[in-house]
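Student: with the sequence up front, the predicted model follows.
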Amino acid sequence: MEAHSTICPGCGLGCGLYLLREGATKSMILHRKHSAVNAGKLCKFGMQIHRFYDRERLRTAVGGENVSEEEAVKEVRERLETFRREEIAFLAVPSTLTNEEVLAFLSLVSELRVENFSLGGFERFFSVADSEIFAGKPLDEVERAHKLLLFFIDPFVQYPLLARRILRAKQRSEATIIDVSFAENERAKGIYDETILAEVGDMFRDFGELASEVANALLKDSDKLENALILADMNPLSPPEFVSATISLAKETKSQVFFLKPFLNANGANLISASMKMRGRDIFEILNDVKEGKIKCLFMLETGLFNCGFGKDALTSGNLEFLVVQDAFRSEISDIADITICSEPFFLKRGTVVNVEGRVLSAGGDSQRTVEILERMSGAERTYEEVQEEVFKRLGISKLNEYESFVSAFVGSSEEKWKEGKTAEEKKEAASKEKEAGETKTKEEESGAITQLLWQKTSPSFWHLPEEMRKGGSGKGEEAIVEISPSLARRLNLFRGEALEIQHKGERMRVAFRIAEIPSYLMISSDRIARDGILLSVKVRKSR
């Protein structure tokens, strides 16, 4: 049995652990008590990370036929040359990508002069986010804070190891903890000093606009929040208005803001991208162009996010002429690819990542394979040492020490606008919501469905568990669970043991339920019900 000292790619914290491997598909986890980030503690996802690695490996193949790595790389390069650059797109999600791989990926994109690329969906925030967002903030500051404001974030679900830091702040410094949310958090009874409930009003309103209004309302009593540490979540589904409102609230109250992120190397990838002045496009705009046939060639590098169903309608629309998937594991998306190239699993990789603190961490392995593949594909063919040297220079570090190394790089001037306003896709979605809002109550009653707001509390499992893992490998599937109010249970005539049917954008999903003391218009789930938002309008009825 081989032991690997590595870090968990489940979220932006980067918790250290030991992974014990016996063969290709059998693993177990041991705690790494001297890890700088988590001191050995792991959340539920981290304790099950062996399942994440015990999946079927991807084959290197062209047209379904096994080929050598060299043949696959040569074929990809030749095929890329047959498309116009505006017809090509590159997607990568910085969850299992090292900084060295990100640099090699961006070098390939640059060499081909392709503008359609994305590093996981954070490009939309550069119009509102300043340098501190991606430089990070030490987690110790959470423990030392005398006043914490949780702005629409539930650390117990979304970032469990952060919840431990909050508890320490309460115990050690007697911090005042204020929660801004849609409902009381049952897990935090006795921990939070105050919960400020958002006045939703019109249930079809945009989450970003609602967050802006809540932030403005909080400023009326700004003395209460002055000099606080504001905790919030930044992910691909967060509206830019939400990020902007959080930053504005921090500035007006002389507070600091700490954005958590669901992808391990989100900070590192965006710091490197910014230092190379490569801005990218919003990932949802690119997917829309794929769906409409404007993009005909797509290269996907370790995009596990899409194995969870995100963008599936675009990728299976039939408009793609050429799809390349480079990843460690086989997936539903790789099965439809024209060329597949096998990467190493994250725990085997040699390289670095930058967690949400700005701490530079080692992936723990010694494989340089993905960097070498990308370097050959671009024609640069730099050595791994040359690539890492450039990474360190761009991040502003001189050595690798997980207890000391924090990046000093910056994203750029906050006055530089990378994007302005809402994207075309966001405007289209807003118009769709307005149309839904206009549906008559009579029509709802005839169908037996009731319109509700669904608040999805994203978690490591939400972002990273492929569908087959969420089904426990049984094929039958484990029902997701939503919390509903007693009022909704009465309206639907629900009894214990029965189930709900949730309808959203033409899809239907059967879910289990539990009663909770939440507003009558709201449902809450920490399971993935839908893939296109955090606060969604859905139709719900008793499952037949």
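Tutor: Alright, I've got the coordinates.
Student: Met47: neighbour count?
Tutor: For Met47, the neighbour count with other Cβ atoms under 10 Å is 13. All C-beta spots, glycine's among them, are computed from the backbone N, C-alpha and C.
Student: thought it was touching His31?
Tutor: No - with contact defined as Cβ atoms under 8 Å, Met47 does not reach His31; the gap is 9.3 Å.
Student: could you point out which element follows the helix or strand bottoming out on mean pLDDT in the chain?
Tutor: Least confident helix or strand, the chain: helix 441-447 with a mean of 45, by mean pLDDT, DSSP states H and E. Moving toward the C-terminus from helix 441-447, the next helix or strand (DSSP states H and E) is strand 450-456.
Student: partner strands of that next one and their direction?
Tutor: strand 522-525 (parallel), strand 535-542 (antiparallel) (DSSP bridges).
Student: for it, buried residues please.
Tutor: By neighbour count with 16 or more other Cβ atoms under 10 Å, strand 450-456 contains the buried residues 450-456.
Student: ok, and what's touching that strand?
Tutor: For strand 450-456, the surrounding residues in contact (Cβ atoms under 8 Å, 6 or more residues apart in numbering) are 182-183, 200, 203, 436, 439, 444, 462, 482, 488, 491-492, 502, 504, 521-526, 528-530, 533-541.
Student: and the helices in the stretch 201-350 of the chain, which stretches?
Tutor: 207-218, 222-225, 240-252, 266-275, 283-291, 304-307, 312-315 (DSSP state H, counting those that start in this stretch).
Student: give me the buried positions along the second one.
Tutor: I take that to be helix 222-225. So helix 222-225, judged by 16+ other Cβ under 10 Å, has buried residues Leu225.
Student: please renumber the chain so that the first residue is 19 from this point on.
Tutor: Yes, from this point I'll number from 19; that puts the last item at helix 240-243.
Student: now do it, average pLDDT.
Tutor: Across helix 240-243, pLDDT averages out at 88.
Student: do the same with the last one
Tutor: Here the mean pLDDT over helix 330-333 is 84, rounded to a whole number.
Student: using PDB, list the CA coordinates for it.
Tutor: The C-alpha trace of helix 330-333 is given here as PDB (Å, rounded to 0.1, in the frame of the first residue of the first chain):
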ATOM      1  CA  LYS A 330     -24.700  19.300 -20.400                       C
ATOM      2  CA  ASP A 331     -27.300  20.800 -22.700                       C
ATOM      3  CA  ALA A 332     -24.700  22.800 -24.600                       C
ATOM      4  CA  LEU A 333     -22.200  20.000 -24.800                       C
END
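Student: ok now it, how far from the chain's centre?
Tutor: Put simply, helix 330-333 sits 18 Å off its chain's centre (Cα atoms, centre = their mean, to the nearest Å).
Student: neighbouring contacts of it?
Tutor: Contacts of helix 330-333 (Cβ under 8 Å, 6+ apart): 305-306, 308-309, 316, 324, 341, 350-351, 354.
Student: got the contact list for Leu512?
Tutor: Listed by Cβ under 8 Å, 6+ apart, the contact set of Leu512 reads 502, 506, 518, 531, 560.
Student: can you rerun that using 7 Å?
Tutor: Residues counted as contacts of Leu512 (Cβ atoms under 7 Å, 6 or more residues apart in numbering) are 531, 560.
Student: mind listing the helices for the stretch 369-518 of the chain?
Tutor: Using DSSP H, counting those that start in this stretch, helices in the stretch 369-518 of the chain cover 387-396, 402-413, 442-455, 459-465, 478-482, 485-488, 504-510.
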